[in-house]
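> what follows is a predicted structure for the sequence shown.
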Amino acid sequence: MNQLVFATANRHKLEEIRALFPDSIQLKSLSDMGFTGDIPETEATLEGNALLKARFINERYCISCFADDTGLEVEALNGAPGVYSARYAGVDGTQEMRAKANMDKLLCELADKTNRKARFRTVIAYIDDNNDTHFFEGVVNGSITEAPAGCEGFGYDPVFIPDGYDVTFAQMPLFEKNLISHRAEAFRKFAKAITI
């Protein structure tokens, strides 16, 4: 295998993942494939949404591909926003506008909570050349800050401090985040499985 399609339009995710794959694998995005539409995310679980996206592109282009879905699961909010993390605040607009609205809503929901424990969870669904499906998961535990900090990363990174650190994901350079993040863990498992 030397070419693989990542069913995402999120350029930040693509940058993170390209850094984790060996040079022998050419990672293509949806825009590289000429796809500019939206893929529905209508499932109730991360696993379901990841598979839905991977299957959508696999069936359209007849190519092995993978997709991921990631959720921020906050203990005091009974696991919310979870599978709805990307659309938690229900705001349209740019990725940056949606991310700010999501963080604002999260911090508002946690304003009177002392329990700030949370975890990021990523699930990858991979459909191979034989049309078999494989899943890979990564988790990182941490806590939610009281205010955003940092300008790296994307999504909820400015409000998430991983356990064992005193800075948010958004205050870390990408190489450091890629050592410990949920997405990095899931993609390392995936990359290892497809390059063995």
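All right, it came through fine.

> list the residues that contact Glu109.
Leu77, Ala80 (C-beta atoms under 8 Å, 6 or more residues apart in numbering). Glycine gets a C-beta too; all of them are placed from N, C-alpha and C.

> how near is it to Ala170?
20 Å (C-beta to C-beta, to the nearest Å).

> helix or strand with the lowest mean pLDDT in this protein?
helix 11-18 (a mean of 79; mean pLDDT, DSSP states H and E).

> which outside residues touch that helix?
6, 8, 27, 29, 68, 95, 153-155, 174, 177-178, 181, 183-184, 187.

> the next helix or strand after that helix pairs with which strands?
Downstream of helix 11-18, the next assigned helix or strand under DSSP states H and E is strand 26-28. Neighbouring strands of strand 26-28 in its sheet, by DSSP bridges, are strand 3-6 (parallel).

> low-confidence ranges, this structure, go.
Along the chain, segments meeting pLDDT under 70 span 1, 196.

> in it, which residue is closest to the centre?
Thr70 (4.0 Å; C-alpha atoms, centre = their mean).

> contacting residues for it?
Leu46, Ser85, Phe120, Arg121, Thr122, Val123, Gly155, His182, Arg183.

> if we go to 10 Å?
Shown in contact with Thr70 (C-beta atoms under 10 Å, 6 or more residues apart in numbering): 10, 13, 46, 49-50, 83, 85-86, 120-124, 138, 155-156, 181-183, 186.

> look up phi and psi at the nearest residue to Cys151 once chain neighbours are set aside.
Nearest non-adjacent residue to Cys151, counting by C-beta to C-beta, 6 or more residues apart in numbering: Ala170, 6.2 Å away. Main-chain torsions, Ala170, degrees, to the nearest 10: phi -70, psi -10.

> now the helices: where do they sit in the chain?
For the chain, the helices defined by DSSP state H cover 11-18, 46-61, 95-109, 174-180, 182-195.

> with distance to Asp38 added, can I get those in a markdown table?
Shown next, in a markdown table, are those (distance: least, C-beta to C-beta, whole Å):
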| stretch | distance to Asp38 |
| --- | --- |
| helix 11-18 | 16 |
| helix 46-61 | 10 |
| helix 95-109 | 13 |
| helix 174-180 | 27 |
| helix 182-195 | 21 |
